[in-house]
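Participant: need coordinates for the following:
(one chain, ligands or ions: 1)
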Amino acid sequence: MEAQALHIPDNVQYQELKKFIEASRDVPGPLIQVLHRAQKIFGYLPLEVQHFVARELDLPLSKVFGVVTFYNFFRMDPIGDHIVNLCLGTACHVKGASDIIKVLEKELGVKVGGTTADRFYTLSTARCFGACGLAPVMMLDEEVHGRLNPQKTVKILRDLKAEAQRAAEAINKEEK
Ligand code: FES
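Facilitator: As a prediction, the model looks like this:
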């Protein structure tokens, strides 16, 4: 795979990334740093962005693609508005995290790493949040939810969705 001539949209996200790349040019091996920034700007790293990075850093696209797919903190797919991150560490595993993951996958209709069709939730897993005393634990965005059971887990997800729907309806009403 080689980087090829590409029309880059003239938008602020690409401009911001280009500025960052310009400033990183003299840093040895800037690729990972640039990809981190690109992911921060775009939320994920679609091929179009990888082409751009490859072209700007004068690297083969295969090299950029290889790095993106090697590290699990880089994403090629868009993520949802909310990240559900279930701990699969030892303490949580012992306290039934494997049942919770099944419930999460069923409720959201996606596997770990997936994003719901409405892009509301992305399901992810981690290894210990340092809250083992609350096992099993999940983080919903920045918030820790502990002592989970299947019913409680489903309720947390449905409550957040319902709250978002109410907020969206309120905004719609105001606009009318
Ligand atoms: S093992 Fe789950 S929070 Fe530590």
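Participant: would you mark the buried spots in the longest helix seen in the chain?
Facilitator: In the chain, taking DSSP state H as the definition, the longest helix is helix 150-175. By neighbour count with 16 or more other CB atoms under 10 Å, helix 150-175 contains the buried residues 153-154, 156-157, 160. Bear in mind the C-beta positions are built from the backbone N, C-alpha and C, glycine included.
Participant: now swap in stretch 22-34 and tell me
Facilitator: Buried residues in stretch 22-34, counting neighbours by 16+ other CB under 10 Å, are found at 24, 30-31, 34.
Participant: give the contact list for the residue nearest to the spatial centre of the chain.
Facilitator: Note on the chain: the residue nearest the mean C-alpha position is Ile79, at 4.5 Å, using CA atoms, centre = their mean. With CB atoms under 8 Å, 6 or more residues apart in numbering as the criterion, the residues that contact Ile79 are 43-44, 115, 119, 122.
Participant: tell me the spacing between Arg147 and the ligand.
Facilitator: Per CB to the nearest ligand atom, to the nearest Å, Arg147 is found 11 Å from the ligand.
Participant: nearest residue to that residue other than its sequence neighbours?
Facilitator: Spatial nearest neighbour of Arg147, excluding adjacent residues (CB to CB, 6 or more residues apart in numbering): Leu134 at 5.7 Å.
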